[in-house]
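> Okay, here's the prediction I keep looking at, along with the sequence it came from:
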Amino acid sequence: MPIVEGRIWIDGCFDFAHHGHAGAMLQARQEGTELYVGVHSDEEILKNKGPVVMKLPERVIAVEGCRWCTKVVPDAPYVTDPLVMDQYGCKYVVHGDDITTDADGKDCYQICKDLGRFIVVKRTPNISTTDLVGRMLDINSHHHQGQISLNHPITDIKERVQSYASDPSGRDSYAGVYFNIEGSSTLHEFVSPKNEYQRVVLVVGEFDLFHPGHIKFLQEAQKYAHSNGAKVIVGIYDDATAKYANYPIMNLVERSLCVLQSKYIDGLVIGAAKILAAAFLDKIPGDVIKVVVDASDPPSKVQSLDQTLVHKLSGYEYSDMSTSTIVNRVLDNRAEYEERQRKKGWKSELEQQLKQETSSLQ
């Protein structure tokens, strides 16, 4: 295939759909007009990094659900191959400003760097699959944040929230973002939407470890909304509301950014009420025509509502998956993942050394 001007390549493991992956895809999309995303196989990741938590089909669903992804390419080689990029018409590969190495300790992007086909972007700090696995193994809640307020840590990353709320090009405004502050009769508009909401379908939840069950649920909610001329607004619980033992594994900032990057939503309310009383629904911008819930959700969330407002979904793909499903995969194979963490620590030291050596040559 001939090179398509503006078509960008990015690749990775994408184990867990965390906002660091979304940030890389957003920056990659901003470098061009289309984004092709290569996803490594389970076998390649095991060989070069360690066991995956999420299997390839699950990781593909997560990447496909990102608003800035044009096309997913499963089974992409772990060491980026310019011939594969050529096959899909991509001239440049984008990667963060860290170094990723293969099983032999060699830079996975060195070939592309030598050919002048490498674009570096800023890596999202303080989040990785390794961090999340560590939280599950440690069983602590030190990462939790306080109740939502205008002084909440998410207000410190307004520029990033605005960028994650962008349209499929990654350049223009799209989704509105709001704070629900206890005691206030209205929502605080944090990021303005491109267009005002008229008819709205509302979904609420924790959306912890944003997984295929969440993604497919939102996809079905969007289909239902579109069939009724409506948009999807998601309300997300703060950490205090969602807290149970060390759950949520992702804190409010992380969960909000995960939901915000989804192509299946149109707006986000941070700090949603646990019980969906009419007073909360009245705050939502637009006319709430339905509250969409999973059929297995506890009835307490919607029992105070006019039941004609409630639309239940069931039987969608991965409807039986939960956050606990993912955590149990790690805990049931603790020894393997502890070895993965140890190996990652060793690789991180090597990758940091390579980065310093590269910097000294520039």
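Sure, I can see it.

> Would you mind identifying the helix or strand in the protein with the lowest mean pLDDT?
Lowest by mean pLDDT, DSSP states H and E among the helices and strands of the chain is helix 334-361, with a mean of 55.

> what ranges do the helices span in the stretch 251-362 of the chain?
Per DSSP state H, counting those that start in this stretch, the stretch 251-362 of the chain carries helices over the ranges 252-260, 278-281, 323-331, 334-361.

> same check, this time on the stretch 101-250 of the chain
For the stretch 101-250 of the chain, the helices defined by DSSP H, counting those that start in this stretch cover 110-114, 129-138, 158-164, 212-227, 239-242.

> care to break this structure down by domain?
The chain breaks down by automatic domain parsing into domains covering 7-125+336-361, 153-319.

> so how far is the last one from its chain's centroid?
To tie it back to what came earlier, the one meant is domain 153-319. Distance, stretch centre to chain centre, for domain 153-319: 14 Å (C-alpha atoms, centre = their mean, to the nearest Å).

> Endpoint to endpoint, it covers what distance?
Distance across domain 153-319, first residue to last, is 32 Å (C-alpha to C-alpha, to the nearest Å).

> related to what we said a few turns ago, to residue 138, which of the domains of the chain lies closest?
domain 153-319 (7.9 Å; C-beta to C-beta). The C-beta positions use only the backbone N, C-alpha and C, and glycine is treated the same way.

> still on that earlier bit, can you tell me which of the helices of the stretch 101-250 of the chain is packed in deepest?
The highest mean neighbour count among those, using mean count of other C-beta atoms under 10 Å, belongs to helix 212-227: a mean of 21.

> Alpha carbons of it, as PDB, please.
Output in PDB follows, covering the C-alpha atoms of helix 212-227 (Å, rounded to 0.1, in the frame of the first residue of the first chain):
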ATOM      1  CA  PRO A 212     -14.700  -4.500  28.000                       C
ATOM      2  CA  GLY A 213     -17.900  -4.900  30.100                       C
ATOM      3  CA  HIS A 214     -18.000  -1.200  30.600                       C
ATOM      4  CA  ILE A 215     -17.100  -0.400  27.000                       C
ATOM      5  CA  LYS A 216     -19.700  -2.700  25.500                       C
ATOM      6  CA  PHE A 217     -22.300  -1.400  27.900                       C
ATOM      7  CA  LEU A 218     -21.600   2.100  26.800                       C
ATOM      8  CA  GLN A 219     -21.700   1.100  23.200                       C
ATOM      9  CA  GLU A 220     -25.100  -0.400  23.600                       C
ATOM     10  CA  ALA A 221     -26.300   2.600  25.600                       C
ATOM     11  CA  GLN A 222     -25.100   4.900  22.700                       C
ATOM     12  CA  LYS A 223     -27.000   2.700  20.200                       C
ATOM     13  CA  TYR A 224     -30.100   3.100  22.300                       C
ATOM     14  CA  ALA A 225     -29.600   6.800  22.700                       C
ATOM     15  CA  HIS A 226     -29.100   7.400  19.000                       C
ATOM     16  CA  SER A 227     -32.200   5.500  18.100                       C
END
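
> any idea how far the closest residue to residue 198 other than its chain neighbours lies from residue 269?
Leaving aside its sequence neighbours, residue 198 sits nearest to residue 286 (C-beta to C-beta, 6 or more residues apart in numbering; 5.4 Å). Note on residue 286: its distance to residue 269, by C-beta to C-beta, to the nearest Å, is 12 Å.

> Same question for residue 106.
From residue 106 to residue 269 the distance is 46 Å (C-beta to C-beta).

> These two - which one has more neighbours?
Using other C-beta atoms under 10 Å, the more surrounded residue of residue 106 and residue 269 is residue 269, with 25 against 14.

> For residue 230, grab phi and psi.
Per-residue torsions, residue 230: phi -120, psi 170 (degrees, to the nearest 10).

> same question but for residue 180, I mixed them up
phi -100, psi 110.

> wait, it sits on residue 150?
No: with contact defined as C-beta atoms under 8 Å, residue 180 and residue 150 do not form a contacting pair (11.6 Å).

> Looking at these two now, which is surrounded by more residues?
A count of neighbours by other C-beta under 10 Å puts residue 180 above the other of residue 180 and residue 150, at 21 against 10.

> Pull the contacting residues for that one.
Contact partners of residue 180, counting by C-beta atoms under 8 Å, 6 or more residues apart in numbering, are 148, 187, 188, 235, 269, 270, 271, 272, 273, 280, 283.

> quick one: contacts for the closest residue to the last one other than its chain neighbours?
Distance criterion C-beta to C-beta, 6+ apart; nearest residue to residue 283, sequence neighbours excluded, is residue 187 at 4.9 Å. Neighbouring residues of residue 187 by C-beta under 8 Å, 6+ apart: 178, 179, 180, 269, 283, 284, 285.

> Surely the second one is in contact with residue 268?
This points to residue 179. No: Residue 179 lies out of contact with residue 268 (C-beta under 8 Å); the separation is 10.0 Å.
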